[in-house]
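Q: pasting the sequence and the predicted coordinates here, then a few questions.
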Amino acid sequence: MSKPSLARGTRDFGPEQMARRNFILDTIRRNYQRYGFQPLETPALENLSVLMGKYGDEGDQLLFKILNSGDFKSKTTSEDWEGTAKSLTTKISEKGLRYDLTVPFARYVVMNRGSLAMPFKRYQIQPVWRADRPQRGRYREFYQCDADVVGTDSLLCEAEIVGLLHDIFPQLGIEDFVVKINNRKILTGIAEVVGAQGQEGTLCVAIDKLDKIGKEKVKAELVERGFQSNSIELLEPIFDLDKNKDPFAVLKEWLGSSEIAMEGIRELEQVWHFIQLSGLENPRIEFDVTLARGLSYYTGAIFEVKAQGVQIGSISGGGRYDNLTGTFGVPGISGVGISLGVDRIYDVMEELGLFPESHTTSTQLMLTNFDREAFEYGLSILSSLRRAGINTEMYPDSVKLKKQLDFADKKQIPYVMLIGSEEIQSGMLTLKNMKTGEQKKLELAQVIETILQ
RNA sequence: GAGGUUGUAGCUCAGUCGGUUAGAGCGCUAGAUUGUGGUUCUAGAGGUCGCGGGUUCGAGACCCGUCUCCCUCCCCA
């Protein structure tokens, strides 16, 4: 016999947590639908051939792999066992848990491209799994809430995502947030201009840490990773960019020789313009040239949302990918999407005390039951109360009234109906308000009226 | 994947230098109150000290291993 325990990095969600999580999920779902996104669900399990190689080398390590069923050993050779863990894995595991929702979505689009109306807008709210080391705000199983549009290059999509975020977060009570925006093309252009083509990935990883570790350490890291010192000198404009009123103008001058950088800048200007046209008041958007994001498939705009005043990672991220379906043999389908992290949003809301109180209770009225007669009488009026729209339950056992009231108190049920011989004879039911302790004798119709008002 | 840290009752935590029967608060159960919750009072139940091994006359405490929690790096939501 062993004590039960949770798998590392996983959690249970009890009733009050679920009420809060559902509040978040419902808010997100409602807004996704209002922008014309349609629901999609895909399996928790995917073939590893679908998942592997999509998240970089480190991503493959973070995939949970599922051991083949049956006698997987008999299908391997002794050479397999002597080789690397990686090559053995491919022999004994062919399925894995999904790592995000974007890749399964790409697979779905490819498999259904004949019948989908393009551009296709879908939202997807499901758990994903990562074999990461758990920490505050990081779990091995967590929910993502994705919304993506595929099949159009229109920058309207980028602007719509910004609008969507500006609808969702205030509705959750998170007023103080920033949508950081950058464009991968600008980063590519920078690598070009400083003479570090092809080292763009390294550049991104280092620059991304600027706000965390500071300018000098970023430079040190670049040196360590083999950057030429004149390349690093040429990077200087990046470090002062946030002090400028018009960063786009500065960038245009600096990166004028790079066609791709200019394209990225033009795209962002267009997005800003669309946001302005859409009439969004006080947009909380910020161009951040140091925003890079790790996922290698982004090619255009990239987003990240930070909640201010809370020490927690980003609560949302996303971007445009020009060729996601390319790895599945269908090039040329571009898309742009956003992913919200419910678990982190939950932590932010908890820390800032933003949960509305009314979301925890579900039962409004409990009928007591202290003998057979009361039980039968209660049963006869139970369904009328429920049909009237009141969440009602009857205490299932005939035990002492004290115990029943104690239960109602713990479950924070606001009303309790006391039924005894006196009430049954007169038809006047005793309704007790658990908050005030006040009791009244009422007819059934009056009881319903009292509770519903 | 690298480094650090934690684990004692349902929960939060004491437990001295290695020494007799491992404690507190909260919670739980029962009673004071056989038709009335929250407050109060009284009594009670509840422990393989994460797990496995070792040192010792003796281990909750010391040593090794392992799992877990939390943190830093890496990376990310």
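A: Noted; the coordinates are in hand.
Q: could you use CA atoms for every contact and neighbour count after this?
A: Will do.
Q: what does the stretch 1-150 of chain A put close to RNA strand B?
A: Taking C-alpha under 7 Å from any atom of the strand, the part of the stretch 1-150 of chain A that reaches RNA strand B is made up of A:1, A:6-10, A:58-59, A:130, A:132-142, A:144.
Q: now a PyMOL select for only the buried ones of those.
A: The buried subset of these, as determined by 16 or more other C-alpha atoms under 10 Å, is captured in PyMOL by this line:
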select buried, chain A and resi 9+59+130+132+137+138+139+140+141+142+144
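Q: in strands only, show me the residues of the stretch 1-150 of chain A next to RNA strand B.
A: Counting by DSSP state E, these place A:141, A:142, A:144 in strands.
Q: just give me the closest of those residues to residue A:314.
A: Of all these, residue A:314 sits closest to residue A:144, with 12.9 Å by C-alpha to C-alpha.
Q: so how far is residue A:349 from the closest one?
A: When C-alpha to C-alpha, to the nearest Å is applied, the distance between residue A:144 and residue A:349 equals 17 Å.
Q: could you say which helix or strand contains the residue of the stretch 301-450 of chain A found nearest RNA strand B?
A: Across the stretch 301-450 of chain A, the shortest distance to RNA strand B (C-alpha to the nearest atom of the strand) belongs to residue A:437, at 2.9 Å. Secondary structure assigned from DSSP states H and E places residue A:437 in neither a helix nor a strand.
Q: tell me how many other residues crowd it.
A: 9 (other C-alpha atoms under 10 Å).
Q: one more: residue A:254?
A: Per other C-alpha under 10 Å, the neighbour tally for residue A:254 reads 17.
Q: next: the one 10 residues further on.
A: Residue A:264 sits with 22 neighbouring residues when counted by other C-alpha under 10 Å.
Q: next: residue A:103.
A: Neighbours of residue A:103 using other C-alpha under 10 Å come to 18.
Q: tell me the secondary structure of it, please.
A: helix (DSSP: H, G, I helix; E, B strand; the rest coil).
Q: and it, how far from residue A:297?
A: Spatial separation of residue A:103 from residue A:297 under the definition C-alpha to C-alpha is 10 Å.
Q: please enumerate the shared neighbours of these two.
A: Common neighbours of residue A:103 and residue A:297, using C-alpha atoms under 8 Å, 6 or more residues apart in numbering, are A:54, A:324.
Q: what is the nearest of the ones in strands among the residues of the stretch 1-150 of chain A next to RNA strand B to residue A:422?
A: residue A:142 (53.8 Å).
Q: and residue A:348, that's in a helix?
A: Yes - the assignment for residue A:348 by three-state DSSP puts it in a helix.
Q: list the contacts of it.
A: Neighbours of residue A:348 in contact, by C-alpha under 8 Å, 6+ apart: A:307, A:310, A:312.
Q: if we can go back for a sec, next step: the residues of the stretch 1-150 of chain A next to RNA strand B restricted to helices.
A: Among those, the subset assigned to helices under DSSP state H consists of A:58, A:59.
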